[in-house]
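# Build me a structure from this.
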Amino acid sequence: MLDHVFISVTDVNRSIRFYETALAPLGIRHVIDYDGTEGPEGHPDLKGFGCNGRVFFWLREGSADARAVHIGFVAKSKDEVDSFYEAAMAAGASDNGRPEARLYYDPRYYAANVFDPDGYSLEAVYKSWQHPQP
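Sure thing, here's the model as predicted:
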């Protein structure tokens, strides 16, 4: 299990606004800002996002390399995937795959894919077999 991920973004304020909107349907919020001067020499300032008492997704200002990473965020339902896609597109994302079942993976794999303003590949995914069923 991963604890956290940092990505470098070219305009941290633009990215904060984007991720605040795009991740809200998944219950992920901008929850903390870390002042890099409080850490070891050269530590970057960080903008932290998380939920349920955990901060796991961090932004830092720098050179973006969109080819370097693809990030899949857990959705709790198909509706959350749909809401993520709509929110991300409204916040300025580019389409990389409308919400639908990804049959080439599994008929129960439902996802939406977008590119953020720096070109990072983002996915919201609901895998029904990985969630408790009512």
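# Now do the strands in the chain.
With DSSP state E as the criterion, the chain has strands at 5-9, 29-34, 46-51, 54-61, 70-74, 94-95, 100-101, 109-115, 121-127.
# okay, these in JSON lines with mean pLDDT and distance to residue 18 next?
Any C-beta I mention is one placed from the backbone N, CA and C, and that applies to glycine too. Written out in JSON lines, the entries for the strands of the chain read as follows (pLDDT from 0 to 100; distance: least, C-beta to C-beta, whole Å):
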{"stretch": "strand 5-9", "mean pLDDT": "95", "distance to residue 18": "9"}
{"stretch": "strand 29-34", "mean pLDDT": "97", "distance to residue 18": "11"}
{"stretch": "strand 46-51", "mean pLDDT": "97", "distance to residue 18": "11"}
{"stretch": "strand 54-61", "mean pLDDT": "96", "distance to residue 18": "10"}
{"stretch": "strand 70-74", "mean pLDDT": "96", "distance to residue 18": "13"}
{"stretch": "strand 94-95", "mean pLDDT": "98", "distance to residue 18": "12"}
{"stretch": "strand 100-101", "mean pLDDT": "97", "distance to residue 18": "23"}
{"stretch": "strand 109-115", "mean pLDDT": "97", "distance to residue 18": "10"}
{"stretch": "strand 121-127", "mean pLDDT": "96", "distance to residue 18": "10"}
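# pLDDT at residue 1, what is it?
Listed pLDDT for residue 1 reads 69.
# right, I mislabeled it, should have said residue 129
Per-residue confidence (pLDDT) for residue 129: 88.
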